[in-house]
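**Q** Need the 3D shape of this:
(one chain, ligands or ions: 2)
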Amino acid sequence: MKILVLGSGAREHAIITALLREQPRPSVVCAPGNVGIAAEVAVVTLDPNDPVAVTDYAVLNSIELVVIGPEAPLVAGVADALRARAIAVFGPDRAAAALEGSKTFAKRIMDEAGVPTGRAVRAGSLAETEAALDEFGAPYVVKADGLAAGKGVLVTSDHAAALAHATFWLEHGSVLIEEFLDGQEISLFLLSDGHSVLPLSPAQDYKRALDHDAGPNTGGMGAYSPLPWLDARFGSENEFVDEIIETVALPTIRQLAAEGTPFVGLLYCGLILTDAGIRVIEFNARFGDPETQVVLPRLITPLSGLLLAAATGVLGGLPRPEFSADVAVTVVVASENYPETPLVGREITGLDGALRVPGVTIAHAATAARGDTIVSTGGRVLSVVAVGASFLEARARAYEALRQVSLAGSHYRTDIAARVA
Ligand code: AMP
Ligand code: GLY
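**A** Ligands and ions are numbered 1, 2, ... in the order given. Here you go, the predicted model:
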């Protein structure tokens, strides 16, 4: 099978690594990729957000499946353009991708479908914001109503900071003030063909920049999978997943289909397990980063078959994907000053030494070649991934590998998966 993967981050690198593990090996190209991806597959210089360029490339090169990694091509209508030319694509049309891009749309779908989520009020002015903050009380949750690259959400007990955040985002549109939900966060990915879903194994992401969940929200600083503490509450991972399928995923997918906007791709359920039960905090319309880096290394079922089945509407006939009993941990290496204004263009060394640690792979996120060296090009630079028989082992491997890597000024969290080891 000939597959085109769109994107250039660690998520796409992890998707490609999973595809290349299959027997027989699919033929994979990536646009635009990064230096780590280019070491494994051909990369093409192509704007992944340009529907015409992507479609023309896919037709000319007999691509049988396009896998869209990030949200930007979805919002740009790349999946719509590919479907219009009868090319199989894993990723929703623009209208269904609004589940991620518009929090107001997502809330409406959840309301119609009866999906459990926090109460939220939309505010279009500062006066409305103040009233909503008073109604919900501290801690305050203020969200920009649109794609904000992980920077749109502020959770704070500081009333003035909540107002300042709202003031900034009100200039770009409206904001949502939400009820604060307290509990463990869970990311559950489900493949969807528009009508049925198949679950992957759950993961937990670390969103704050610093150890012990201090510092600002980021795109994600690390993750682990599976979540052993689910057993105490639900009996087993399978029982937890069954509940999410019944109460969250299928109602959402059915609502979207009923509205004429079927969701074909990856339904990312961002959940909080509160004392009162599961609540959805957000949906994304794509694989999560860095959770993908810990979910896919554990996947035994060939990924390409699952993605193609979703893209061609035949997921319903397939058994649930199988996962290894091994566990996985990933730790993100971030540039100096991430998430504010990351300092980039610095040399990265020690990757070969890191890769000699057993069970370790490295997913490149923001890297490029400069002569014979590799340099950083963005905020989240690398995802160091380690698998092991236990979290103790996987964590030890990940942090041993991290000690080999050097990038001036960079930082990473030291407590990823500590709570389960
Ligand atoms: P979002 O972009 O909506 O996923 O929000 C980013 C992060 O902010 C989440 O992963 C949570 O850690 C936190 N967050 C979002 N909404 C809430 C909420 N209603 N209550 C508590 N924390 C939240
Ligand atoms: N890890 C959070 C996200 O992918 O949105």
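
**Q** which residues touch the spatially most central residue of the chain?
**A** The centroid of the chain falls nearest to residue 288 when counting by CA atoms, centre = their mean (0.9 Å). Neighbour list for residue 288: 11, 187, 189, 203, 205, 220, 268 [criterion: CB atoms under 8 Å, 6 or more residues apart in numbering]. In short, each C-beta sits where N, CA and C put it, glycine included.

**Q** Any figure for the gap between the residue of the chain positioned farthest from its centre and ligand 1?
**A** Distance from the C-alpha centroid of the chain, by CA atoms, centre = their mean, peaks at residue 127 (34.0 Å). Using CB to the nearest ligand atom, to the nearest Å, residue 127 is found at 22 Å from ligand 1.

**Q** where's residue 207 relative to residue 184, distance?
**A** Note on residue 207: its distance to residue 184, by CB to CB, to the nearest Å, is 13 Å.

**Q** So for these two, which sits in the more crowded spot?
**A** The residue with more neighbours, out of residue 207 and residue 184, is residue 207; 19 against 14, by other CB atoms under 10 Å.

**Q** What sits closest to that one if chain neighbours are left out?
**A** residue 217 (5.2 Å; CB to CB, 6 or more residues apart in numbering).

**Q** same check, this time on residue 112
**A** Nearest to residue 112 is residue 255, by CB to CB, 6+ apart, at 5.3 Å.

**Q** quick one on the thing from earlier: what about the residue nearest to residue 207, how many residues close to it?
**A** By other CB under 10 Å, neighbour count at residue 217 equals 16.

**Q** I'd guessed it sits against residue 144; true?
**A** No: using CB atoms under 8 Å, residue 217 makes no contact with residue 144, being 11.7 Å away.

**Q** thought residue 120 was touching residue 179?
**A** Yes: in this structure, residue 120 is within contact of residue 179 by CB under 8 Å, at 7.0 Å.

**Q** Please say which of those two ends up with more neighbours.
**A** Taking other CB under 10 Å, residue 120 and residue 179 do not tie; residue 120 has more neighbours (21 against 14).

**Q** Mind listing the residues bridging to the residue lying closest to that one once chain neighbours are set aside?
**A** Spatial nearest neighbour of residue 120, chain neighbours left out: residue 178 (4.4 Å); criterion: CB to CB, 6+ apart. Under DSSP bridges, the beta-bridge partners of residue 178 are residue 120, residue 141.

**Q** show me the contacts for residue 178.
**A** Per CB under 8 Å, 6+ apart, neighbours of residue 178: 118, 119, 120, 121, 136, 141, 142, 143.

**Q** What remains of the residues you listed if I keep only buried residues?
**A** 118, 120, 121, 136, 141, 142, 143 (16 or more other CB atoms under 10 Å).

**Q** Of all the residues in the lengthiest helix in the chain, which ones are buried?
**A** When the chain is parsed with DSSP state H, its longest helix is helix 391-404. By 16+ other CB under 10 Å, the buried positions in helix 391-404 come out as 391, 393, 394, 395, 396, 397, 398, 399, 400, 401, 402, 404.

**Q** From what I see, the first one and residue 419 are in contact.
**A** By that I understand residue 391. No: Residue 391 lies out of contact with residue 419 (CB under 8 Å); the separation is 9.1 Å.

**Q** before we move on, the earlier item: and for the longest helix of the chain, what's in contact with it?
**A** In contact with helix 391-404 (CB under 8 Å, 6+ apart) are residues 224, 228, 326-331, 333, 350-351, 353-355, 357-360, 362, 384-388, 412, 414, 416-418, 420-421.

**Q** Give me the PyMOL select line for these, limited to the buried ones.
**A** Selection of the buried residues among those in PyMOL, burial being defined by 16+ other CB under 10 Å:
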select buried, resi 224+326+327+328+329+330+331+333+351+354+357+359+360+362+384+385+386+387+388+412+416+417+420+421
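
**Q** The contacts of helix 391-404 in helices, which ones?
**A** 351, 353, 354, 355.

**Q** which intervals of the protein have sub-threshold pLDDT?
**A** For the chain, residues meeting the criterion pLDDT under 70 lie at 146-151.

**Q** Recalculate using a threshold of 80.
**A** In the predicted model of the chain, residues 145-151 satisfy pLDDT under 80.

**Q** Assign residue 255 to helix, strand or coil.
**A** Following DSSP: H, G, I helix; E, B strand; the rest coil, we place residue 255 in the helix state.

**Q** since we're on it, how many residues are nearby?
**A** 20.

**Q** what's the answer for the one 4 residues further on, then?
**A** The number of residues packed near residue 259 is 13, by other CB under 10 Å.

**Q** For ligand 1, see how far away it is.
**A** Applying CB to the nearest ligand atom, one obtains 22 Å for the distance of residue 259 from ligand 1.

**Q** what do you get for residue 78?
**A** 23 Å.

**Q** My read is that residue 272 contacts residue 205, right?
**A** No: contact criterion CB under 8 Å: residue 272 and residue 205 do not qualify, at 12.0 Å.

**Q** ok, those two, which is more surrounded?
**A** Neighbour comparison, residue 272 and residue 205: the larger count goes to residue 205, with 22 against 19 (by other CB under 10 Å).

**Q** so where do the strands sit in the stretch 301-421 of the chain?
**A** Applying DSSP state E, counting those that start in this stretch to the stretch 301-421 of the chain gives strands spanning 327-334, 347-349, 360-364, 367-370, 373-376, 380-388, 406-407.

**Q** Make CSV out of the ones you listed and add distance to ligand 1.
**A** Output for the strands of the stretch 301-421 of the chain, formatted as CSV (distance: least, CB to the nearest ligand atom, whole Å):
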stretch, distance to ligand 1
strand 327-334, 15
strand 347-349, 28
strand 360-364, 21
strand 367-370, 25
strand 373-376, 24
strand 380-388, 15
strand 406-407, 26
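
**Q** any chance of those in JSON lines, plus distance to residue 235?
**A** Putting the strands of the stretch 301-421 of the chain into JSON lines (distance: least, CB to CB, whole Å) gives the following:
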{"stretch": "strand 327-334", "distance to residue 235": "19"}
{"stretch": "strand 347-349", "distance to residue 235": "44"}
{"stretch": "strand 360-364", "distance to residue 235": "32"}
{"stretch": "strand 367-370", "distance to residue 235": "42"}
{"stretch": "strand 373-376", "distance to residue 235": "44"}
{"stretch": "strand 380-388", "distance to residue 235": "25"}
{"stretch": "strand 406-407", "distance to residue 235": "43"}
